[in-house]
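>>> give the three-dimensional model of this entry:
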Amino acid sequence: MKEFMMIFRTEKMDNSGQTPEQMQEILQIWQDWIGGIAAQGKFISTNALGSQGRTVTTEGVITDGPYAELKEIVGGYILVKADDLDDAIKLSDGCPILSIPGGKVEVRNVQVFDN
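Numbers count the residues shown, from 1 in each chain. Below you'll find the predicted structure:
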């Protein structure tokens, strides 16, 4: 099996008005989806990305915020095992980010370099 990364993208949104119960419900939906992948033996790892960060350019310029000029943000990722790209794309079925307007899952192969 090969490794693939699913990158979760969405438009910036203000989640500050969510109650702890709403946040827990959303977390449970994500856990259930990831658990389904794990149950198939195809889960490797996952993480959410925070909103703090900086961008460094080739000229050595450091700017505040990850991609602050863009409307779209990368919220997190999951690494999975799949037979091929089509198999990895099937694993994105039911991804919670796809229930959010503007939500996207970018599925990419992980390139392995031989030493």
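
>>> residue 48 versus residue 36, what's the distance?
To residue 48, residue 36 is 18 Å away according to C-beta to C-beta, to the nearest Å. From N, CA and C alone the C-beta is placed, and that goes for glycine too.

>>> these two - which one has more neighbours?
For the pair residue 36 and residue 48, the greater number of neighbours falls to residue 36 (14 against 10), based on other C-beta atoms under 10 Å.

>>> what's the helix or strand where residue 38 lies in contact with?
Take DSSP states H and E as the rule and residue 38 turns out to sit in helix 20-39. If you take C-beta atoms under 8 Å, 6 or more residues apart in numbering as the criterion, helix 20-39 is touched by 15, 18, 43, 46, 78, 80, 91, 94-96.

>>> buried ones among the residues you listed?
43, 46, 78, 80, 91, 95-96 (16 or more other C-beta atoms under 10 Å).

>>> show me those residues that map onto strands.
43, 46, 78, 80 (DSSP state E).

>>> next, the contact list for the third one, please.
Going by C-beta under 8 Å, 6+ apart, residue 78 touches 5-6, 8, 34, 37, 43-46.

>>> most neighbours among these, which one is it?
Across the contacts of residue 78, neighbour numbers were computed from other C-beta under 10 Å; residue 8 holds the maximum, 24 neighbours.

>>> how about the helix or strand that contains that residue: buried residues?
Taking DSSP H and E as the criterion, residue 8 maps to strand 2-11. For strand 2-11, the neighbour count (16+ other C-beta under 10 Å) marks 3-10 as buried.
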